[in-house]
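Chemist: give me a 3D structure for the following:
(chains A and B)
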2 protein chains.
Amino acid sequence: MGGPRVSYVTLGVADLERSRAFYEAWGWTPAQVDEGIVFYQANGVVVALFGLGALAADQGRPDADLGVGGMTLAQNYPTEAEVDAVFEEALKAGATPLKTPEQVFWGGYSGYVADPDGHVWELAMNPFSPPAADGSVVLGG
Amino acid sequence: MGGPRVSYVTLGVADLERSRAFYEAWGWTPAQVDEGIVFYQANGVVVALFGLGALAADQGRPDADLGVGGMTLAQNYPTEAEVDAVFEEALKAGATPLKTPEQVFWGGYSGYVADPDGHVWELAMNPFSPPAADGSVVLGG
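Modeler: Numbers count the residues shown, from 1 in each chain, chains lettered A, B, ... in the order given. Sure, this is the predicted structure:
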């Protein structure tokens, strides 16, 4: 069921306003701004700026020091069942579970695993932005 | 000229065979395998596995300890001139230059900058896989 896909790229940042100012200065315009998080629409991929501490907490390890490279790659699926299935496939493949998929405060369903090097993948269902068949996400689409 | 786009996601790995085995076990099939690097085709985004040391060297800092999260996001453009322009825009926005764009051994043209948190962006022209207008790359396309 799983396979290569990147729906979101989240950059954990120390100072959201500083980072937003940097990307704005580089010519980026946010597609969506919520409390504590800024979204940019790329080519079928959404890039988000999110606090480092908040990102660590969202991964189920609030005390982790993510450091430079605290970056999460999300694979989004249309249903909770698919999230569960791909999560299980990941564990069978040897992934380290960080957070078992669960319903989350923003209305979706999300879990986290780490690959052998500690690269973090979020497996998620977001009812407000369902992915296209190829895993692409288009905000407001 | 620049803007949000993600063409490649490169995961720096300690053991390429171990990582390739993990992703294969998770159901991923490589789209292309070269010496020291494995490519997967995602939704308009290519995910690559590449040695941590090789990735540090490619960023122009061979002695860097990238650690967990040693991940590069590439923005690909059709011409060297566009790479240069976006590189300059990044510096003007406050990016830290890691490697001034230059012709590289694989036949393309590439430079690196870091954002305020140290997240690394490669700005590149690859004549063998020119990006679509939205920055998407399709291997062999």
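Chemist: going forward, measure contacts and count neighbours with C-alpha atoms only.
Modeler: Fine.
Chemist: return the distance of the longest strand that chain A contains from the chain's centre.
Modeler: The strand spanning the most residues in chain A, taking DSSP state E as the definition, is strand A:96-103. Strand A:96-103 has its C-alpha centroid displaced from the chain centroid by 13 Å (C-alpha atoms, centre = their mean, to the nearest Å).
Chemist: check which helices and strands it is in contact with.
Modeler: helix A:80-92, strand A:109-114 (3 or more C-alpha pairs under 8 Å, 6 or more residues apart in numbering or on different chains; DSSP states H and E).
Chemist: centroid-nearest residue for chain A?
Modeler: What sits nearest the mean C-alpha location of chain A, by C-alpha atoms, centre = their mean, is residue A:74, with 4.0 Å.
Chemist: name whatever forms a beta bridge with that one.
Modeler: Note on residue A:74: beta-bridge partners by DSSP bridges are residue A:8, residue A:122.
Chemist: residue most distant from the centroid, chain A?
Modeler: In chain A, the residue that sits farthest from the middle, by C-alpha atoms, centre = their mean, is residue A:25; the gap is 24.0 Å.
Chemist: what's the least confident helix or strand in chain A, going by average pLDDT?
Modeler: Here the helix or strand of chain A ranked lowest by mean pLDDT, DSSP states H and E is strand A:71-76, holding a mean of 72.
Chemist: sheet partners, orientation included, of the helix or strand where residue A:38 lies?
Modeler: Using DSSP states H and E, the element containing residue A:38 is strand A:37-41. Neighbouring strands of strand A:37-41 in its sheet, by DSSP bridges, are strand A:32-34 (antiparallel), strand A:46-51 (antiparallel).
Chemist: which residues are in contact with it?
Modeler: A:16, A:20, A:28-33, A:46-51, A:138-139, B:4-5 (C-alpha atoms under 8 Å, 6 or more residues apart in numbering or on different chains).
Chemist: buried subset of those?
Modeler: Applying 16 or more other C-alpha atoms under 10 Å in any protein chain shown to those, the neighbour count classes A:16, A:20, A:28-31, A:46-51, A:138-139, B:4-5 as buried.
Chemist: picking that back up, and the strand holding residue A:38, how far from the chain's centre?
Modeler: With C-alpha atoms, centre = their mean as the basis, strand A:37-41 stands 11 Å off its chain's centre.
Chemist: on that earlier part again, for the strands paired with strand A:37-41, which has the smallest mean pLDDT value?
Modeler: Note on the strands paired with strand A:37-41: lowest mean pLDDT is at strand A:46-51, with a mean of 82.
Chemist: wait, residue A:63 touches residue A:55, no?
Modeler: No. Residue A:63 sits out of contact with residue A:55 when judged by C-alpha atoms under 8 Å, with a separation of 10.5 Å.
Chemist: among the two, which residue is more densely surrounded?
Modeler: Under the criterion of other C-alpha atoms under 10 Å in any protein chain shown, the comparison of residue A:63 against residue A:55 puts residue A:55 first, with 22 against 9.
Chemist: which residue is the nearest non-sequential neighbour of the more buried one?
Modeler: residue A:12 (6.2 Å; C-alpha to C-alpha, 6 or more residues apart in numbering or on different chains).
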